[in-house]
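A.B. asks: this one's structure only:
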């Protein structure tokens, strides 16, 4: 009866603990215990058993909770991880198999090479955008080697991220999983990974962070509407993520980052108005956005300022945008006119393929028409969401200008497609619901057949190219694994040999669009910051600085392939080279010019030819001769005095 009496009538819990503490851990066998001591022993054993059960129960709950967390995380992120890997593999394969090797990619690879060899970005090397994309690519190149496939892998990574974010945003906008998967498959066909290969990573990477900011804003809106409080802690994390994504977008491409920040601020205004947030809460939300944006952008841009290249960044990336708008502008109406002309001539399969690629320039028209219609017809509860979608889609489309071409337009397709997919159901069409599932299945089947044809066709094309000898893998460093025409490889090697034989120095300024490619192939060094010598790539004073360097004899060899009346022609430099330098040899592709202000010597030190400015050498020679004349006169005077002195 003692246990029951102990549990019920033994007094307070503190009294029981005092008895347990005063009792021995185990009674001695030969000792007779009193009733008080036996009671304390039983309490001690009961407490120990209860403690052991509690610990076991807690361990079991911990195992269950950890296993639940693991299964939940696997279920939540496992599909995205597998899908991302598949998308990356598809993008990398298609980009590597038949993606073009453009002059832009050669230039980007040359910039990475110069950074790895010790040059400082912007100060020693021209770069048109803010530095996030070149930092990420240089980090991968340091790990895997300076190869063109590294750039293609970064492009494939941007492609996979774009598809995953588009899928997530489609779900956030209320689309079904089937519709989201269908939209991703449309992107796989309409947004193939090699199409952005015409461009370089900074534009696709900027759009990735724009979509990330868009997704974070939608999450923030959902959290705020759930608690009806703009400063709720559960929503602060999403708002900060949106600001950081906008900052990284600015650090990847400056104009796109500013458009994203403007869209984000408008979204904050809309959401705060919907929940009727107070002025302090609105101010706090704006402060969080601006602080997160500034922090993310500042972390990326700080090394540029610390290296002393901040002025050049402002020159190349901001102040010189006027020349880009003057010389490189392509209007949207021009692309619409091209679409109309292709529609008239869409008879052959080749014209149909060009018309299919030109369809991307028509997509903004139905997308914005559907969005504006949805915004006008939306209820007061949904108008805020319509406004957010509209401003982010408009920001994505604004990033295409001023050069509306395939390389820029294709990167805005995911955002435009998201806007159209969200707004289309809000337009009332009298469609029989019986045909909707059949239409979806037909579209899904067609997209699957197209994807299979894309992959199988790439493999067959590579196999045919190798068997026929028309294609082969490039033999040059930096181009391993790149599939090129055999005739192009032969011509490039011939031109490279003639180019190296024409110059008596390892430093040659190649004044031609494919300059970066021939720097890779020949191993020659560029004595200027400009690896893509076009009129849009010299900054405000780049051509004048190049002419001054030639006047001082800082570099002595220029290989010129004049662009003539083309808008990209650097007219000042081309004119100076043709009028003030001496032509040495024509390689068939370019003409090698010698700077007459350079004095050449035949000796070499450390693999570099010794050369100096003739003006500087003349000044040195004049100084030495003047010193010798003065010294000889002094010696003559002393000699005359010594002779005329009487003995």
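C.D. replies: Arrived safely. Because the structure is predicted, anything quoted here is derived from the model rather than measured.

A.B. asks: Kindly provide the distance from the spatially closest residue to residue 225 that is not a sequence neighbour to residue 356.
C.D. replies: Once flanking residues are discounted, residue 225 sits nearest to residue 275: 6.5 Å by Cβ to Cβ, 6 or more residues apart in numbering. Glycine gets a C-beta too; all of them are placed from N, C-alpha and C. To residue 356, residue 275 is 45 Å away according to Cβ to Cβ, to the nearest Å.

A.B. asks: Have a look at these two and say which one is more surrounded.
C.D. replies: residue 275 (18 against 13; other Cβ atoms under 10 Å).

A.B. asks: Isn't the more buried one up against residue 223?
C.D. replies: No: using Cβ atoms under 8 Å, residue 275 makes no contact with residue 223, being 10.6 Å away.

A.B. asks: so where's the stretch 301-450 of the chain shaky on pLDDT?
C.D. replies: Within the stretch 301-450 of the chain, the ranges that satisfy pLDDT under 70 run 346-350, 428-433.

A.B. asks: The helix or strand hosting residue 353: how far from the chain's middle?
C.D. replies: According to DSSP states H and E, residue 353 maps onto helix 349-358. In terms of Cα atoms, centre = their mean, to the nearest Å, the centre of helix 349-358 is found 29 Å from the chain centre.

A.B. asks: just so I have it, where are all the strands in the stretch 451-600 of the chain?
C.D. replies: Secondary structure of the stretch 451-600 of the chain, counting by DSSP state E, counting those that start in this stretch: strands at 471-473, 483-485, 509-511, 557-560, 582-586, 591-594, 598-605.

A.B. asks: quick one, which of the ones you listed is packed in tightest?
C.D. replies: With neighbours defined as mean count of other Cβ atoms under 10 Å, the strands of the stretch 451-600 of the chain peak in mean count at strand 509-511, which reaches a mean of 26.

A.B. asks: For residue 205, see how far away residue 151 is.
C.D. replies: 12 Å.

A.B. asks: For these two, work out which one has more neighbours and name it.
C.D. replies: A count of neighbours by other Cβ under 10 Å puts residue 205 above the other of residue 151 and residue 205, at 29 against 26.

A.B. asks: Contact partners for the more buried one?
C.D. replies: Taking Cβ atoms under 8 Å, 6 or more residues apart in numbering, we find residue 205 in contact with 132, 133, 136, 154, 158, 252, 253.

A.B. asks: check contacts around the last one.
C.D. replies: Meaning residue 253. Counted by Cβ under 8 Å, 6+ apart, residue 253 has contacts 129, 130, 133, 202, 203, 205, 206, 399.

A.B. asks: Would you mind listing the two of the residues you listed that lie farthest apart?
C.D. replies: 133 and 399 (14.4 Å; Cβ to Cβ).

A.B. asks: Around the closest residue to residue 534 other than its chain neighbours, how many other residues sit close by?
C.D. replies: Leaving aside its sequence neighbours, residue 534 sits nearest to residue 568 (Cβ to Cβ, 6+ apart; 4.2 Å). With neighbours defined by other Cβ under 10 Å, the count for residue 568 comes to 14.

A.B. asks: How about residue 448?
C.D. replies: So residue 448, with other Cβ under 10 Å, has 12 neighbours.

A.B. asks: again, but for residue 140
C.D. replies: Residue 140, neighbours per other Cβ under 10 Å, totals 17.

A.B. asks: What separation do you get for the spatially most central residue of the chain and residue 135?
C.D. replies: The centroid of the chain falls nearest to residue 205 when counting by Cα atoms, centre = their mean (3.1 Å). Going from residue 205 to residue 135 by Cβ to Cβ gives 11 Å.
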